[in-house]
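>>> This is a predicted model, with the sequence first.
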Amino acid sequence: MRIIAFVTEAAPVQRILAHIGEPNEPPPIAPARGPPGWDDDVGPMPDWDLLKQPEPDVEFDQRVSW
């Protein structure tokens with residue numbers, strides 16, 4: 001596809017859109033939605049301490065560069 005014209009003025013753009021049967025005004029901006037409803041019971045919250053990674057067995061000094 002090649003660009004053969006770049007129309008920047010509003011009046012010609014509105015006439016072109018009306019000629020090809022397209023709306024010449026932008027659609028209205030819809031209001032923002034609220035958060036999703038949490039009507040379903042998702043159960044108890046997990047115990048996050050059980051998911052924690054164990055401490056390493058070896059002490060690692062990050063200041064040493066190889």
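On my side now, so go ahead.
>>> so where is this structure shaky, pLDDT-wise?
Along the chain, the parts satisfying pLDDT under 70 run over 37-42, 64-66.
>>> where do the helices sit along it?
Applying DSSP state H to the chain gives helices spanning 10-19.
>>> Next one: residue 24 from residue 2, what distance?
Going from residue 24 to residue 2 by Cβ to Cβ, to the nearest Å gives 25 Å. The way it works is simple: take the backbone N, C-alpha and C, and place the C-beta from them, glycine included.
>>> neighbour count winner among the two?
residue 24 (13 against 3; other Cβ atoms under 10 Å).
>>> how close does the nearest residue to residue 14 once chain neighbours are set aside sit to residue 9?
Nearest residue to residue 14, sequence neighbours excluded (Cβ to Cβ, 6 or more residues apart in numbering): residue 24, at 4.2 Å. Counting by Cβ to Cβ, the gap from residue 24 to residue 9 is 13 Å.
>>> ok, now residue 44?
62 Å.
>>> and stretch 6-16, how far from the chain's centre?
31 Å (Cα atoms, centre = their mean, to the nearest Å).
>>> What lies in contact with that stretch?
residue 24 (Cβ atoms under 8 Å, 6 or more residues apart in numbering).
>>> Show me which residues of that stretch are buried.
Using 16 or more other Cβ atoms under 10 Å as the test for burial, stretch 6-16 gives no buried residues.
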